[in-house]
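Engineer: Sequence isn't available, so here's the structure alone:
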């Protein structure tokens, strides 16, 4: 993904260095495993599997789950019998056997692709500095047999330094590719393989679980607000009406009680309005999604943001799509106003020919947006529940570009 999204700025990300650490430590892991775990025989791959699942965190965002079953029978014998009968025990042993030649490949790769160009770059750079400073290279040569380089061309040193740096850069790309291949092989042998369908299903299950939890929290909030707010006002209204009837039967002046009942009823209405605020946006009750998004941009301008819109949406979108996109866009605008430090924000939305609605929010803020915040997690949950996906591009320093894609056919 890093190669596809940032092919020219890959070295500015953490992935090449993660990959280098992963590849460079492979020979160490292989030597330690081969020298210490061989007495375990067929179970020799079990400790290696634990180490490799931990190392996968360096080059894999998705956690490698332990596929071993928990032993139901007590004692070492039951544990051994269970492990021997598990398929993953044998695939972990196979991984250990394959790790030995992989470690040799990793060692050669690090030496040839990285150490050699580093030596070329450093030595050529040193000789180039000597020539530029006008120092006699014979005076600083440590080994007498080395040739005097005082007559060598300045361009040759510069060319070798550039060549070493170029090989080093290309070598980091190669290390990243090798680490990706090793990651894929390791995951398939020491953990349950994750297919795209299973990954999507797993993400959807987590999103549904978070949504269910948020729905429960919202239901409890509504119950609490009804009990502490509107219910109390309605109870007071009932008591006022009872007193009103009593004083009316006695012929007393009931005008003050009528005013009090009216005030209490008005407060109850306001309490109910506050409770239901946010359950369904009023902007969508009165207008379509396009007008509601224009209203969001207008409110952003009132908050001090320079907002521009480019919206081309039909008026007959399904209600669930309109609500999901509106709340998601509202949350993104809130994040821009609170956290980004942006001066301008751009909103665009359109329906493509393949019946997909694409909504993008772009701001010129400080960047660094990620899924660690509850706001973006809620956006992802809403969109994934609709069968869509969210793409976040927010490097540190900005800008931030977030795209929401939802499959949709006009109703």
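Structural biologist: Yep, it's here. Here the structure is a predicted model, which means the values were calculated and not measured.

Engineer: Run through the residues that contact the closest residue to residue 293 other than its chain neighbours.
Structural biologist: Leaving aside its sequence neighbours, residue 293 sits nearest to residue 311 (C-beta to C-beta, 6 or more residues apart in numbering; 5.6 Å). (C-beta placed from N, C-alpha, C; glycine too.) Listed by C-beta atoms under 8 Å, 6 or more residues apart in numbering, the contact partners of residue 311 are 290, 293-294, 347-350.

Engineer: ok so residue 311 is a helix residue?
Structural biologist: No - assessed by DSSP: H, G, I helix; E, B strand; the rest coil, residue 311 does not belong to a helix; its assignment is strand.

Engineer: most neighbours, which of the contacts of residue 311?
Structural biologist: residue 293 (25 neighbours; other C-beta atoms under 10 Å).

Engineer: and that one, what element?
Structural biologist: Under the criterion of DSSP states H and E, residue 293 resides in helix 289-302.

Engineer: Tell me which residues are up against that helix.
Structural biologist: Contacts of helix 289-302 (C-beta under 8 Å, 6+ apart): 281, 283-284, 287, 307-309, 311, 313, 315, 317, 321-322, 325-326, 329-330, 333, 336-337, 345, 347, 349, 359.

Engineer: ok so, going back, and the residue nearest to residue 293, bridged to which residues?
Structural biologist: Beta bridges link residue 311 to residue 349, judged by DSSP bridges.

Engineer: Next one: it from residue 399, what distance?
Structural biologist: To residue 399, residue 311 is 20 Å away according to C-beta to C-beta, to the nearest Å.

Engineer: just residue 30 next, same as before
Structural biologist: According to C-beta to C-beta, residue 30 and residue 399 sit 44 Å apart.

Engineer: who's more crowded, these two?
Structural biologist: Between residue 30 and residue 399, residue 30 has the larger neighbour count (other C-beta under 10 Å), namely 21 against 17.

Engineer: how about the closest residue to that one other than its chain neighbours, phi and psi?
Structural biologist: In space, and not counting its chain neighbours, residue 30 is closest to residue 103: 3.6 Å by C-beta to C-beta, 6+ apart. Note on residue 103: backbone dihedrals following degrees, to the nearest 10 are phi -70, psi -40.

Engineer: burial of residue 39, as a residue count?
Structural biologist: By the criterion of other C-beta under 10 Å, residue 39 has 7 neighbours.

Engineer: Now do it against residue 23, distance only.
Structural biologist: For residue 39, the distance to residue 23 equals 28 Å [C-beta to C-beta].

Engineer: about what we covered before: identify the residues contacting the residue nearest to residue 30.
Structural biologist: Neighbour list for residue 103: 26-27, 29-31 [criterion: C-beta under 8 Å, 6+ apart].

Engineer: Of those residues - the most surrounded one?
Structural biologist: Neighbour counts for the contacts of residue 103, by other C-beta under 10 Å, peak at residue 26, which reaches 25 neighbours.

Engineer: List the buried residues in the strand or helix carrying residue 237.
Structural biologist: For residue 237, the enclosing helix or strand under DSSP H and E is helix 231-250. Using 16 or more other C-beta atoms under 10 Å as the test for burial, helix 231-250 gives 233-234, 236-237, 240-241, 244.

Engineer: any chance of these in a markdown table, plus pLDDT and distance to residue 84?
Structural biologist: A markdown table is the format used below for the buried residues of helix 231-250 (pLDDT from 0 to 100; distance: C-beta to C-beta, whole Å):
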| residue | pLDDT | distance to residue 84 |
| --- | --- | --- |
| 233 | 71 | 70 |
| 234 | 78 | 69 |
| 236 | 73 | 73 |
| 237 | 78 | 74 |
| 240 | 79 | 79 |
| 241 | 82 | 79 |
| 244 | 79 | 84 |
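
Engineer: JSON lines for those residues, including distance to residue 156?
Structural biologist: Formatted as JSON lines, the buried residues of helix 231-250 follow (distance: C-beta to C-beta, whole Å):
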{"residue": "233", "distance to residue 156": "89"}
{"residue": "234", "distance to residue 156": "92"}
{"residue": "236", "distance to residue 156": "94"}
{"residue": "237", "distance to residue 156": "95"}
{"residue": "240", "distance to residue 156": "99"}
{"residue": "241", "distance to residue 156": "101"}
{"residue": "244", "distance to residue 156": "105"}
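
Engineer: Could I get the full set of helices for the stretch 1-150 of the chain?
Structural biologist: Per DSSP state H, counting those that start in this stretch, the stretch 1-150 of the chain carries helices over the ranges 2-5, 15-36, 45-55, 76-84, 87-109, 116-133, 137-140.

Engineer: Kindly apply the preceding question to the stretch 301-411 of the chain instead.
Structural biologist: With helices called from DSSP H, counting those that start in this stretch, the stretch 301-411 of the chain shows them at 319-335, 374-385.

Engineer: Buried residues, the shortest one. List them.
Structural biologist: Okay, so that is helix 374-385. Those would be 375-385, for helix 374-385 by 16+ other C-beta under 10 Å.

Engineer: Now for the residues you listed: which two are most distant?
Structural biologist: Taking C-beta to C-beta as the measure, those reach their widest spread between 375 and 385, a distance of 16.1 Å.

Engineer: What ranges in the stretch 51-200 of the chain fall below the confidence cut-off?
Structural biologist: Scanning the stretch 51-200 of the chain for pLDDT under 70 picks out the ranges 71-74, 127-128, 130-154, 157, 192-200.

Engineer: which residues sit in contact with residue 172?
Structural biologist: Counted by C-beta under 8 Å, 6+ apart, residue 172 has contacts 10-11, 16, 20, 114.

Engineer: Go again with 10 Å.
Structural biologist: 10-11, 15-17, 19-20, 113-114 (C-beta atoms under 10 Å, 6 or more residues apart in numbering).

Engineer: For the residues you listed, which single residue is the most surrounded?
Structural biologist: That'd be residue 19 among the contacts of residue 172, by other C-beta under 10 Å, with 25 neighbours.

Engineer: if I look at it, how far off is residue 397?
Structural biologist: 24 Å.

Engineer: How about residue 176?
Structural biologist: Distance check for residue 176 against residue 397: by C-beta to C-beta, it reads 23 Å.

Engineer: likewise residue 80?
Structural biologist: Distance from residue 80 to residue 397, counting by C-beta to C-beta: 55 Å.

Engineer: Same drill for those two, tell me which one is more crowded.
Structural biologist: Ranked by neighbour count (other C-beta under 10 Å), residue 80 and residue 397 place residue 80 first, with 15 against 9.
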